[in-house]
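Asks: whatever this is, show me its structure:
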Amino acid sequence: LRAKVAPDELVQEEAEDGLLESLLRSACYCLIRENDLPRNVDALLDVDFPGGRVRPLHARIRLVFRDENDREEHCCLRAIERKNAVAFQARLKAAMTGAGIDRSLKFRRLIIVRRAPLPQGTKMGILVEGFRGAGGLLVHPEEDELRTLWALHELRREQRTEFLDWLKSVRPASHLPFLAAAMAMFRAAAGESADGAVKNGSPVPAWPEIRREEPSAANGIPEMEAGGERLLLGYADSAAGGCEPVMISPGSLTKHTVGLGGAGSGKTVLVKRLVEEAAILGIPSIVIDCATDMAGLGDKRPLRPANWTAEEAAQAERYWANAEVQIWTPGRQAGNPLLLDSLPDLAGLADDPEALDQAIDMVRESLEDILTGGRADSTLPKRGVLAAALRHFAKRGGGGMNELIALLADLPEAAGAEIGGAPRLAAGLADGLRARMAIDPLLGREGKRLDPGSLFGLKPTSARTRISVISLSGLESTASRCRFMSQMAMTLFAWIRKNPAAPGKPLTGLFVLDEAKDFVPTVRATPCSAGLIRLAAQARKYGLGLIFASQEPKSIDCRITANVSTQFFGRFNAPASIDTARDLLRDKGGEGDDIARLPTGRFYVASPELPSPRRIAIPLCVSDHTVLTEKQVLARAASTRK
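Replies: Numbers count the residues shown, from 1 in each chain. Presented below is the predicted three-dimensional model:
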């Protein structure tokens, strides 16, 4: 492939925001896949940047240090081949603004890629000098590097199953001189000395001869986890009728998953299949059921599908032998009522200042709309008193909502943060909580409260893998559902901090949320938005995987999707949604031109373990997929309660 390309054709002006942009994104993708990082450091590739007429950046590599309060380091790339001085200056200014570089900010880097000579002029000289003074790098890739760039891009598009193993073995992107600054960032994150960093201008090393490994006879894809099983996503779908299994390592689910598809795309079947496949591998799930279409996970099919293969029938037997489905009905005593602690275990986090601050923020943000009247400046004293009281509450031993009300009603001087009128404001907050408990069953009802360990079937230890389906049919209003989800997010956050994944078992369980746009929408905040966003940012380093689903490609808050590594795209119906989905797929190295014509059950999947997005067919559910009535859900919940 390197021999086939004419390098000069890759760096034409008209290719700057097209082919050359795609080459840089593929190079960043390969660089991330080639370099192993510690478990507490995530490498993410951003390709969607807000801006005006001029695109500010072409790619950005982000390293997120999860154990350091999600500290980030950035390396941004932008190709500029415009010969006109004004056009060049506009693009360079946009790139500097988009990257936010400054000599004093060592964690931000900007690489400008250009083959042509720089335009001349006084203004040009001043701008370029300022760019370099801020720490920017102007690199001129050699022809050999351009050949490698194009070859890697083409190999990624070919979707060969051995591509990722080949990348880790040969590490071609890591040896590209113009990516030396990005490579140094990876070395530092991995704890390596800078002595081995590739120096800018050094020759590309000779290509070693690689022995081609035969794919695994079991599934055609090399094992990613020693001694571990792989999770089936679906089967390669093509005009030729291919049926190769497409699989990933279960541990990759800790970096979260999103399923996107319009009505009739098969999105619900996709989510159920992921839960079923995880249960077969011994991974429990908590599933939020918003429309009574997940409760059937505990029902066997009345008839075996005629087109099931012997392997699919065997998978069904494994599921029913391994899985234990329990249905919960918060707000419905006739089923299997579920109560969560209205406050997380703040006292259990008192020795971890960072975790305590985050948990307090989640509690405060979930309560402030109903207690302080919003986030206007006039409510700032109330919000301050609530935050200070919660911190004092945690250090004093914590407790439930009644204990918090008692503290607020008789606020100690040390808990007022020296805010004027703190006791009076706290007493008003206590009255507000009492009133809320009188009308909100999620806050006021007494009864047994369960923690996530019980929902996952980890306490008491169960011989089977538990799937807890939580039906929200008993919570009729959006507000009550959001309140419950806020409690769930806070409870999960506190629990995973105290119960991280065991060594050698990166995934403790899955938390599955269908119709996520109702809880973390793009356009507005809900009472549970802050909690779910923090949960998505923190859960991965403790071994909790999140699965979100929605009918629109950009309906979920971008702070959620920024923490998602595996994405599914099904059929969309609205023109705007179709265009958005195509753009997202192209940014990930795919095409998706047929996204509007995909049959039900067909999806494109993009994952770090796949060279590029692949079109797959989702298998039929192992369990019955009949949508149940609320009465049927209550009956099944009552039977699991027994």
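Asks: nearest residue to Trp328 in space, please, no chain neighbours.
Replies: Sequence neighbours aside, Leu338 is the residue nearest to Trp328 in space, at 3.9 Å (criterion: CB to CB, 6 or more residues apart in numbering). Every C-beta, even on glycine, is put in place using the N, C-alpha and C of the backbone.
Asks: I'd say the one you found and Pro330 touch.
Replies: Yes - under the criterion of CB atoms under 8 Å, Leu338 makes contact with Pro330 at 4.6 Å.
Asks: contact partners for Ser471?
Replies: Ser471 makes contact with 289, 292, 294-295, 327-329, 332, 335, 633, 637, according to CB atoms under 8 Å, 6 or more residues apart in numbering.
Asks: who's it bridged to?
Replies: Beta-bridge partners of Ser471, counted by DSSP bridges, are Asp289.
Asks: how far away is it from Ile533?
Replies: When distance is defined by CB to CB, to the nearest Å, Ser471 is 24 Å away from Ile533.
Asks: ok, Glu413 next?
Replies: Counting by CB to CB, the gap between Glu413 and Ile533 amounts to 34 Å.
Asks: any stretches of the stretch 351-500 of the chain with poor pLDDT?
Replies: Counting by pLDDT under 70, the stretch 351-500 of the chain has low-confidence residues at 368-370, 372-377, 441-449, 459-462.
Asks: one step back: same list (the contacts of Ser471) but as TSV, adding distance to Glu476 and secondary structure.
Replies: Supplementary listing: those in TSV, determined by distance: CB to CB, whole Å; DSSP: H, G, I helix; E, B strand; the rest coil:
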residue	distance to Glu476	secondary structure
Asp289	14	strand
Thr292	13	coil
Met294	18	coil
Ala295	17	helix
Ile327	18	strand
Trp328	17	strand
Thr329	13	coil
Arg332	11	coil
Gly335	14	coil
Val633	14	helix
Ala637	17	helix
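Asks: need these in a markdown table with distance to Gly98 and neighbour count, can you?
Replies: Written out in a markdown table, the entries for the contacts of Ser471 read as follows (distance: CB to CB, whole Å; neighbours: other CB atoms under 10 Å):
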| residue | distance to Gly98 | neighbour count |
| --- | --- | --- |
| Asp289 | 41 | 24 |
| Thr292 | 45 | 19 |
| Met294 | 41 | 28 |
| Ala295 | 46 | 30 |
| Ile327 | 48 | 29 |
| Trp328 | 46 | 24 |
| Thr329 | 48 | 28 |
| Arg332 | 50 | 20 |
| Gly335 | 51 | 25 |
| Val633 | 49 | 25 |
| Ala637 | 51 | 26 |
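Asks: closest one of those residues to Leu77?
Replies: Of all the contacts of Ser471, the one sitting nearest Leu77 is Met294; the distance, using CB to CB, is 41.9 Å.
Asks: how close does that closest one sit to Val622?
Replies: Here the criterion is CB to CB. By it, Met294 lies 13 Å from Val622.
Asks: just Asp593 next, same as before
Replies: Noted for Asp593: a distance of 32 Å to Val622, by CB to CB.
Asks: report pLDDT for the closest residue to Gln358 other than its chain neighbours.
Replies: Counting by CB to CB, 6+ apart, the nearest residue to Gln358 once its immediate chain neighbours are dropped is Arg534, at 5.8 Å. If you check Arg534, the pLDDT there is 88.
Asks: mean confidence for stretch 253-270?
Replies: Throughout stretch 253-270, pLDDT has a mean value of 93.
Asks: now that stretch: buried residues?
Replies: Within stretch 253-270, the residues scored as buried using 16 or more other CB atoms under 10 Å are 253-262, 265-270.
Asks: which ones among the residues you listed are found in helices?
Replies: By the criterion of DSSP state H, membership of the buried residues of stretch 253-270 in helices covers 267-270.
Asks: show the pLDDT at Val54.
Replies: Turning to Val54, the model gives it a pLDDT of 86.
Asks: still on that earlier bit, any residues in contact with both of Leu338 and Pro330?
Replies: Ile470.
Asks: ok so, going back, dump the ones in helices among the buried residues of stretch 253-270 into a markdown table; add distance to Thr580 as well.
Replies: Conversion of these to a markdown table gives the following (distance: CB to CB, whole Å):
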| residue | distance to Thr580 |
| --- | --- |
| Lys267 | 16 |
| Thr268 | 21 |
| Val269 | 23 |
| Leu270 | 19 |
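Asks: looking at this structure, which helix or strand is least sure?
Replies: Among the helical and strand segments of the chain, the one scoring lowest on mean pLDDT, DSSP states H and E is helix 441-444, with a mean of 61.
Asks: please say which of Asp593 and Val622 ends up with more neighbours.
Replies: Counted by other CB atoms under 10 Å, Asp593 and Val622 do not tie: Val622 has more neighbours, with 26 against 10.
Asks: for Val47, see how far away that one is.
Replies: Distance from Val622 to Val47, counting by CB to CB: 36 Å.
Asks: what's near enough to touch Pro412?
Replies: Taking CB under 8 Å, 6+ apart as the criterion, Pro412 is in contact with His392.
Asks: chain center to stretch 395-412, what's the gap?
Replies: If you compare the mean C-alpha spot of stretch 395-412 with that of the full chain, they lie 35 Å apart, counting by CA atoms, centre = their mean, to the nearest Å.
Asks: my error: substitute stretch 308-328 in the last question.
Replies: The chain centre lies 27 Å from the centre of stretch 308-328; the measure is CA atoms, centre = their mean.
Asks: residues in contact with that stretch?
Replies: With contact meaning CB under 8 Å, 6+ apart, stretch 308-328 is reached by 276, 279-280, 282, 295, 297-298, 300-301, 304, 335-338, 455, 457, 462, 464-471, 619-620, 622-623, 633, 636-637, 640.
Asks: the nearest residue to Gly543 once chain neighbours are set aside - how many residues pack around it?
Replies: In space, and not counting its chain neighbours, Gly543 is closest to Ala501: 2.5 Å by CB to CB, 6+ apart. Residues lying near Ala501 (other CB under 10 Å) number 19.
Asks: now do the SS call for Ala501.
Replies: Assigned with DSSP: H, G, I helix; E, B strand; the rest coil, Ala501 falls in the coil class.
Asks: contacts only, for it.
Replies: Counting by CB under 8 Å, 6+ apart, Ala501 touches 254, 507-508, 542-544.
Asks: secondary structure added to these, as TSV?
Replies: Conversion of the contacts of Ala501 to TSV gives the following (three-state DSSP):
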residue	secondary structure
Thr254	helix
Leu507	coil
Thr508	coil
Tyr542	helix
Gly543	coil
Leu544	strand
